[in-house]
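**Q** please find the sequence and the predicted model below.
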Amino acid sequence: MKKLLEGIRSVEVTVYVTGPVTTQLLADCGAEAIQIETGSRRMGAAGFRRTEERKNATGKLSVSLNFTTPKGLELARRLISKADIFVENLAGGTLGRRGLGYEDIRKIKPDIIYLATCMQGQTGPHSKHAASGHKLSALTGYNHITGWPDREPGWVGTYTDFVAPRYNIIAILAALEYRRQTGKGMFLDMSQYESGIQFMAPAILDYTVNKRVAGRMGNQCSYAAPHNAYRCQGEDRWCTISVFTDEEWHNFCKVIGNPALAGDSRFATLLTRKENEEELDKLVNEWTGSRTAEDVMSKMQAGGVAAGVVENVRDQVENDPQLKARQFFWEIESPEAKKYINSPPPYYRLALRTRQGPLLGENNDYVFKDILGMSDEEIAELVKEGAIA
Amino acid sequence: MANEPRGMLSPYRALDLTDEKGLLCGKILGDLGADVIKIERPGGDPARNIGPFYHDEPDPEKSLLWFSLNTSKRGITLNIETADGREIFKKLVKTADFVIESFPPGYLDKLGLGYSALDKIKPGIILISITSFGQTGPYRDYKISDIVAWALSGEMSGWGEPDRPPVRISNHSQSYLNAAADGAIGALVALYQRRDTGEGQQIDVSIQEALSIMDGGNRNPAWSRNPGMVRKRGAAEMPNAGHRTTRIYPCKDGYVSWSHGGTSPLAPSLPLIKWMQAEGMSTEFIDGFDWSRPDFGGIPQEEMDQIEGPTTKFFMTKTKAELLEGAVKYNVMLYPVATTADMFQDIQLKARGFWVEVEHPELNTRITYPGAFGLCSEAPPRISRRAPLIGEHNQEIYEGELGISKERLTVLKQAGVI
């Protein structure tokens, strides 16, 4: 069967999360995705990446080049000129200084789709600033709106690291479509800050229109109650429950075996439930506290109330029957005897089962001979000179 | 729209049947130039009742959530549960490349409008289905809400404080945005394949799975390495850590996201120390500390306190804006915990022309929106129009395009079809 993106070749110089996740989709859908890696830490790439966890590299090819030598850079240029798509996520301007910027590449490959993704974009006073997804999620407003109103801002991990690649992928796929229509490539200057803000849009408009600054609400939702994570039996076990409508409220009361509560004047309407939410939460916790989170979820769902176990990694990987039934997790082959699991990209109904990511330079021979048409002697010479590292 | 600048997806049309769960998908395709027609039930989509509202006036025509997720769409009302409604919908399907929906699994099939039926009407149609748990599996008919999605995605268990319940991101439903963006990705991959095969497909997006991707690349291989290691809220990040690292510090007018990491690539401490030294706010302990020690993650709490204490003092002398400016100047990997107000003042976003003004003539105003998700050198994404009013384009589409007469439209209106 023909793969989804068969015939497409991407080349990347990427590190950490946002860049590799972006091209992972292409690889998963059958494109030939080639990582240019460097043996040195100068490009930030290889030094800390253990072969055992070459995540976001499954199904990709790897070539190893030395970017500190002119010949290494020349090889990179030649390889990029054989690509449909080039992706890089170094700090703004880094590759331009090495002669691998969009304007350089476009001279030798006019229809290249060149995507550069960094914290704050390739232009502007903060373009060269490097940071990480943890910090950018703060700049993009997510920490400020996570957690409890009476406590400091909460932790959201590297949230924007997972928002930005989605927009990167969309930009690449749209650009491929545009190239098909017009024959033109393009430069995609993707600021993770700007793509991260897309998911803040309703709160942004609340500010630009109403001058209201969105804050932290714990687990509250202004038009639902109960709406929280409730303590269940066992250590640190929780189940979320949300009740929006009166019908759901009646269902909820039936599930907890107390249909009379539905008409209790403290909770009979959404307005009274919101007014007495603390008392209501206490009551819900009393019911959930003596039951397992799984039991709470299945009883609530059977009764027509949205509920879900607060799953930890064990629940996700080993227990969740839905993820199992949909074969959400893949076991990936590894150079070691051990098997590693990974979760597929979101579009995984389309994607392909893939193998463990490549070792550093694993595909040097294929890439230099078959794609660039080099001879064994040339390659040996460049290895000797240190351009192929 | 002959004079409109061309977008990357200008040749394509999408019919958008989604509610809150899928609205962003059509916005993305629309901002990229596709002709997106939002199809609402007569009276308007329930998502119009979700706040915040323009000037805090609750009104289906004033939902800011609706505004922000429906740009670059036209809007019609249509009840596809009526026979006439279905016939009209089928006529529109003949003109479309994408249908986007977020009904419970099986709903469209019951109406005779499932994927295979649509593919017969318009061979090659791409159906994007954004649902709670996907089209298959034991939870397929389970109900979802944003907090439930976060819980079942595995991410929420690590968020919050040890003495309180796990917590989600407040305000609007983030989970649906992740899933709807995945829908747009699926749509474009399917479009690419259709060009080669002529065949469409159904894209099956599960909101639970869309969120489970988040950090799964870190979490799941980590589980393979250390089975049994379950992350705890508020605990140290790494197993065998000698200390708990502060990740959010207070500053003069708010908070800043920073953590010390010695010379680690993602949290190098030295640039910040240089800045503290330059302002005379370092200490003897810090000046003498060996930042390159490989066991930095294992240093005892007592030593970490001697690093974090002066750091807190230093941050307390700075505002968020000063910290951002200094971070850029000294190459420190920190960012302030920004509010929406801070972002709106940000000089970088201004310099890149990020914010855009969108006309809302019926409110007699212009509203500032977040701009495009990226700067593209060709056919850039842009907001081509504000979100549609209820049934705003009924006449344009029903009469102008489908040629349904005024008389018939009056009948259909009275019958609750449009």
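**A** Cool, got the structure.

**Q** need phi/psi at residue A:20.
**A** phi -60, psi -40 (degrees, to the nearest 10).

**Q** ok, residue A:76 next?
**A** Dihedral angles for residue A:76 - degrees, to the nearest 10 - are phi -60, psi -50.

**Q** again, but for residue B:316
**A** Taking degrees, to the nearest 10 as the convention, residue B:316 sits at phi -70, psi -10.

**Q** please parse chain A into its domains.
**A** When chain A is parsed with automatic domain parsing, its domains come out as A:9-199+A:332-385, A:227-324.

**Q** one more: chain B?
**A** Looking at automatic domain parsing, the domains of chain B come to B:13-213+B:354-414, B:248-347.

**Q** export the ones you listed as JSON lines, with columns for mean neighbour count.
**A** For glycine as for every other residue, the C-beta is placed from the backbone atoms N, C-alpha and C. Shown next, in JSON lines, are these (neighbours: other C-beta atoms under 10 Å in any protein chain shown):
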{"stretch": "domain B:13-213+B:354-414", "mean neighbour count": "21"}
{"stretch": "domain B:248-347", "mean neighbour count": "18"}
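
**Q** can I get these in TSV with mean pLDDT and distance to chain A?
**A** Converted to TSV, the domains of chain B look like this (pLDDT from 0 to 100; distance: least, C-beta to the nearest C-beta, whole Å):
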stretch	mean pLDDT	distance to chain A
domain B:13-213+B:354-414	96	4
domain B:248-347	95	3
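
**Q** okay if I get those as CSV plus distance to residue A:29?
**A** Output for the domains of chain B, formatted as CSV (distance: least, C-beta to C-beta, whole Å):
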stretch, distance to residue A:29
domain B:13-213+B:354-414, 6
domain B:248-347, 29
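
**Q** ok, back up a step: comparing the domains of chain A, which stretch has the densest surroundings?
**A** Stretch with highest mean neighbour count among the domains of chain A: domain A:9-199+A:332-385 (a mean of 21; mean count of other C-beta atoms under 10 Å in any protein chain shown).

**Q** now do the strands in chain A.
**A** A:9-13, A:32-37, A:61-64, A:85-88, A:113-118, A:186-191, A:227-231, A:238-242, A:306-309, A:330-332, A:340-342 (DSSP state E).

**Q** next: the stretch 301-418 of chain B.
**A** Remark: strands assigned in the stretch 301-418 of chain B by DSSP state E, counting those that start in this stretch are B:335-336, B:356-360, B:365-369, B:375-376.

**Q** can I get those strands in TSV including distance to residue A:210?
**A** Formatted as TSV, those follow (distance: least, C-beta to C-beta, whole Å):
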stretch	distance to residue A:210
strand B:335-336	23
strand B:356-360	14
strand B:365-369	11
strand B:375-376	29
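
**Q** per-residue pLDDT of the closest residue to residue A:236 other than its chain neighbours, please?
**A** Counting by C-beta to C-beta, 6 or more residues apart in numbering or on different chains, residue A:236 lies nearest to residue B:232, which is 6.9 Å off, once chain neighbours are set aside. Looking at residue B:232, its pLDDT stands at 72.

**Q** could you report the neighbour count for residue B:232?
**A** Neighbour count of residue B:232, defined by other C-beta atoms under 10 Å in any protein chain shown: 13.

**Q** just to revisit the earlier point, turn the strands of chain A into TSV, columns for mean pLDDT and distance to chain B.
**A** Converted to TSV, the strands of chain A look like this (pLDDT from 0 to 100; distance: least, C-beta to the nearest C-beta, whole Å):
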stretch	mean pLDDT	distance to chain B
strand A:9-13	95	13
strand A:32-37	91	14
strand A:61-64	89	17
strand A:85-88	97	12
strand A:113-118	96	8
strand A:186-191	98	4
strand A:227-231	98	4
strand A:238-242	98	4
strand A:306-309	98	4
strand A:330-332	67	9
strand A:340-342	56	4
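
**Q** can you give me phi and psi for the nearest residue to residue A:279 once chain neighbours are set aside?
**A** Excluding its sequence neighbours, the residue lying closest to residue A:279 (C-beta to C-beta, 6+ apart) is residue A:266, at 6.6 Å. Note on residue A:266: backbone dihedrals following degrees, to the nearest 10 are phi -70, psi -20.

**Q** and the gap between residue A:266 and residue A:280?
**A** Distance, residue A:266 to residue A:280, using C-beta to C-beta, to the nearest Å: 8 Å.

**Q** and the pLDDT at residue A:6?
**A** For residue A:6, the model assigns a pLDDT of 85.

**Q** mind listing what the residue nearest to residue A:279 touches?
**A** The neighbours of residue A:266, taking C-beta atoms under 8 Å, 6 or more residues apart in numbering or on different chains as the test, are A:272, A:276, A:279-280.

**Q** if you set the cut-off to 10 Å instead, what comes out?
**A** The contact partners of residue A:266, taken as C-beta atoms under 10 Å, 6 or more residues apart in numbering or on different chains, are A:272-273, A:275-276, A:279-280, A:283.

**Q** so which of those belong to helices?
**A** A:272-273, A:275, A:279-280, A:283 (DSSP state H).

**Q** the longest helix belonging to chain B: how far from the chain's middle?
**A** In chain B, assigned by DSSP H, the helix with the most residues is helix B:174-197. Its chain's C-alpha centre and that of helix B:174-197 lie 14 Å apart, by C-alpha atoms, centre = their mean, to the nearest Å.

**Q** alpha carbons of that helix, as CSV, please.
**A** Below are the C-alpha coordinates for helix B:174-197, written out as CSV (Å, rounded to 0.1, in the frame of the first residue of the first chain):
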residue,chain,number,x,y,z
GLN,B,174,-8.0,23.5,26.1
SER,B,175,-8.5,19.9,25.4
TYR,B,176,-10.9,20.6,22.5
LEU,B,177,-8.4,23.0,20.9
ASN,B,178,-5.7,20.3,20.8
ALA,B,179,-8.1,17.8,19.3
ALA,B,180,-9.5,20.3,16.7
ALA,B,181,-6.0,21.2,15.6
ASP,B,182,-5.3,17.5,15.1
GLY,B,183,-8.4,17.4,13.0
ALA,B,184,-6.9,20.1,10.7
ILE,B,185,-3.7,18.0,10.5
GLY,B,186,-5.7,14.9,9.5
ALA,B,187,-7.6,16.9,7.0
LEU,B,188,-4.5,18.1,5.3
VAL,B,189,-2.8,14.7,5.3
ALA,B,190,-5.9,13.2,3.8
LEU,B,191,-6.0,16.0,1.2
TYR,B,192,-2.4,15.2,0.2
GLN,B,193,-3.2,11.5,-0.2
ARG,B,194,-6.4,12.3,-2.2
ARG,B,195,-4.4,14.0,-4.8
ASP,B,196,-2.6,10.7,-5.6
THR,B,197,-5.5,8.2,-5.1
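
**Q** hang on, the earlier thing: who wins for proximity to residue B:409 among the strands of chain A?
**A** Closest of these to residue B:409 is strand A:306-309, at 38.2 Å (criterion: C-beta to C-beta).

**Q** okay, helices next: where are they in the stretch 201-350 of chain A?
**A** A:201-210, A:246-255, A:270-275, A:277-288, A:293-302, A:313-314, A:321-325 (DSSP state H, counting those that start in this stretch).
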